[in-house]
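# Here you go, sequence then predicted model.
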Amino acid sequence: MRISKSFETKTKVARRTAQSVGLLAFALACASLMAGSPATANTNQNIAGTQRVYGAIPPDQIEHLSTADRIKSVAASGSMMAIWATLEHGERVECVDCIPFIEPLLYDPNPRTREIAAWWLRRRVFGVFGKGEVYERTIQTLANDPDPVRRAYAANALGEFLAAPGIDACAVALGRDPDPNVRAAAAAALGRLNDDGNGAMAKALEVDVDPRVKLAVLKAAGRINAFKGVAQVVKVTSDADARVRRAAAELLGAMRAREGVDSLIALAKDPDANVRNAACHALGALHDPKARPVLEEVANNDPDGLVRDQARIALRRL
């Protein structure tokens, strides 16, 4: 029995359509599991505007905004993925009633949940930045809460809010908070805010004895456009902690700080191979001929192959 080509073509099309429908159903099922609720489109949403701009797009292919009820629901009991997706789709949803549900997420153990909560809150026109509202309460938490974990999370939130009043609050915490984790969080927040806290970061490098704080300051300083504490960075190249010395070398290279050449030359002979490697890389970035003798010595005699290679690369950059 002969089967026509037309019949074969229709059969192949039907088979492919069935496969596509099966894949779509699987994708929707996965989305439902991740979101914590059935993955159904909001058919009540007005999609006419989108279709008017982009043409005859099928309704199931149009992004739908999160509803206020959905935002409240996932904030109260949803997973991190559900919270993230819902708040991202609710970026432009003005829901003052949702704010009390989102504010506690600033103190969630999951850093990504805290980040998306601050991201959503900072986009609110009302209910966040007024007197006695979320932002002011966050500043007060950083200053006065007895729990150091909540103070650290408050510092994280102030960094994500990207508002100027958080600079002074984080600068004070960096200089005065008794918990090193809070001071480190305050330093990271200042980096996010692109501000050195009127010299608070440079001062922390001078007086803070905890390596966690120094590392946070050095990392954050690399994000600040006008960081002026080069002298303090040079000083911590002799820190007892190898991680701090390495971070200081990396920062001096990134800042192209010629004031640090002598210290970097000394670090090229550091007992720690990672520190020597960072110092050689930084010396190459500075292009200072003064570094040639030590780089040649390291390139020929260092016991670590990676450090030797880094020194050879640095020599080519002088």
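Arrived safely. On a predicted model such as this, the values are computed, not experimentally measured, just so you know. Numbers count the residues shown, from 1 in each chain.

# Now residue 78: phi and psi?
Main-chain torsions, residue 78, degrees, to the nearest 10: phi -80, psi 170.

# list the contacts for residue 311?
By C-beta atoms under 8 Å, 6 or more residues apart in numbering, the residues touching residue 311 are 268, 280, 295, 296, 298, 299, 302. C-betas here are computed from N, CA, C, even on glycine.

# Also residue 248?
Applying C-beta under 8 Å, 6+ apart, we find residue 248 in contact with 218, 233, 234, 236, 237, 239, 263.

# Surely the fourth one and residue 244 touch.
What it means is residue 236. Yes - between residue 236 and residue 244 there is a contact at 5.6 Å, judged by C-beta atoms under 8 Å.

# overlap in contacts of those two?
214, 218.

# The contacts of residue 311 in helices, which ones?
Of the contacts of residue 311, the ones assigned to helices by DSSP state H are 280, 295, 296, 298, 299.

# any idea which of the contacts of residue 248 is closest to residue 250?
Closest to residue 250 out of those is residue 218 (7.8 Å), distances taken as C-beta to C-beta.

# does the closest one count as helix, strand or coil?
Classification of residue 218 using DSSP: H, G, I helix; E, B strand; the rest coil returns helix.

# Identify the residue spatially nearest to it, adjacent ones excluded.
Nearest residue to residue 218 in three dimensions, chain neighbours excluded: residue 247, at 4.1 Å (C-beta to C-beta, 6 or more residues apart in numbering).

# do residue 173 as well
Nearest to residue 173 is residue 186, by C-beta to C-beta, 6+ apart, at 3.9 Å.

# pLDDT on whichever strand or helix holds the one you found, on average?
Following DSSP states H and E, one finds residue 186 within helix 180-192. Averaging pLDDT along helix 180-192 gives 98.

# and the next element down the chain from it?
The helix or strand immediately downstream of helix 180-192 is helix 200-207, counting by DSSP H and E.

# what inclination does that next one have with respect to helix 180-192?
Following axes from the mean of the first three to the mean of the last three C-alpha atoms, to 10 degrees, one obtains 140 degrees for the angle between helix 200-207 and helix 180-192.
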